[in-house]
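Undergrad: Provided below are the primary sequence and the corresponding predicted coordinates.
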Amino acid sequence: MEPPKIWREKRQRYLGIGVKCLDCDYKAFPLTSFCPSCGSGNVQEYKLAEKGRIIQFTQVNQTSNDMMANVPYAIGIIELEDGIKVTGQIVDIDYSLIEIGMPVRMVLRVLSKDGTEGLIKYGFKFIPVD
Ligand SMILES: [Zn+2]
């Protein structure tokens with residue numbers, strides 16, 4: 001039996017879970033129930049690589065929601081060591097110091113806090129690796 005969708009999405013956000021195709025070895029993120037490459041339903045969840053490199057980044061100066069309250073912030077496309085590309089916020093570094101190719105690591109951070117209900121959302125962000 002499949003776990004409920006919400007639970008699955010939560011787990012994906014918390015841990016950085018992707019899927020691996022057991023037929024053609026293709027890796028994908030976010031989670032999908034079939035292989036985007038060969039269409040096989042023979043896929044298995046796996047933990048994404050935590051380290052990668054920045055292949056593109058940009059500075060965001062405005063935001064229309066409270067998801068990322070602290071503007072400006074940097075958003076980057078990170079190519080993980082297992083070849084998966086993910087988008088995420090780059091934190092713990094001055095924007096002027098961010099470079100293409102810079103090694104980064106996935107960390108679990110607070111994404112937003114809902115003041116009325118005290119709900120805290122977690123998700124992954126990226127920090128530079130020495
Ligand atoms: Zn496949």
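TA: Ah, there it is.

Undergrad: Sheet-wise, list the partners of the host helix or strand of residue 106 with their directions.
TA: When elements are assigned from DSSP states H and E, residue 106 belongs to strand 103-114. With DSSP bridges as the test, strand 103-114 is paired with strand 51-60 (antiparallel), strand 119-128 (antiparallel).

Undergrad: Pipe these into CSV and attach distance to residue 94 per row.
TA: C-beta here means a position set from N, CA and C on the backbone, and glycine is covered the same way. As requested, the strands paired with strand 103-114 are exported to CSV (distance: least, Cβ to Cβ, whole Å):
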stretch, distance to residue 94
strand 51-60, 11
strand 119-128, 10
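
Undergrad: among these, where is the model least confident on average?
TA: Ranked by mean pLDDT, these end with strand 119-128 at the bottom, a mean of 83.

Undergrad: residue ranges of the strands in this protein, please?
TA: Assigned by DSSP state E, the strands in the chain fall at 17-21, 27-28, 43-47, 51-60, 73-80, 85-90, 103-114, 119-128.

Undergrad: Give the other helices and strands that the first one contacts.
TA: Contacting strand 17-21 under the criterion 3 or more Cβ pairs under 8 Å, 6 or more residues apart in numbering; DSSP states H and E are the following elements: strand 27-28, strand 43-47.

Undergrad: Out of these, flag the one nearest the ion.
TA: Among those, the nearest to the ion by Cβ to the ion is strand 43-47 (7.4 Å).

Undergrad: what's that closest one in contact with?
TA: 15-22, 27-28, 31-35 (Cβ atoms under 8 Å, 6 or more residues apart in numbering).

Undergrad: Now narrow those residues to whatever sits close to the ion.
TA: Among these, the residues that sit close to the ion (Cβ under 5 Å from the ion) are 21, 35.

Undergrad: Just give me the closest of the contacts of strand 43-47 to residue 83.
TA: Nearest to residue 83 among the contacts of strand 43-47 is residue 27, at 6.2 Å by Cβ to Cβ.

Undergrad: just to revisit the earlier point, would you turn the helices and strands packed on strand 17-21 into TSV with mean neighbour count and mean pLDDT?
TA: Shown next, in TSV, are those (neighbours: other Cβ atoms under 10 Å; pLDDT from 0 to 100):
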stretch	mean neighbour count	mean pLDDT
strand 27-28	18	90
strand 43-47	13	91
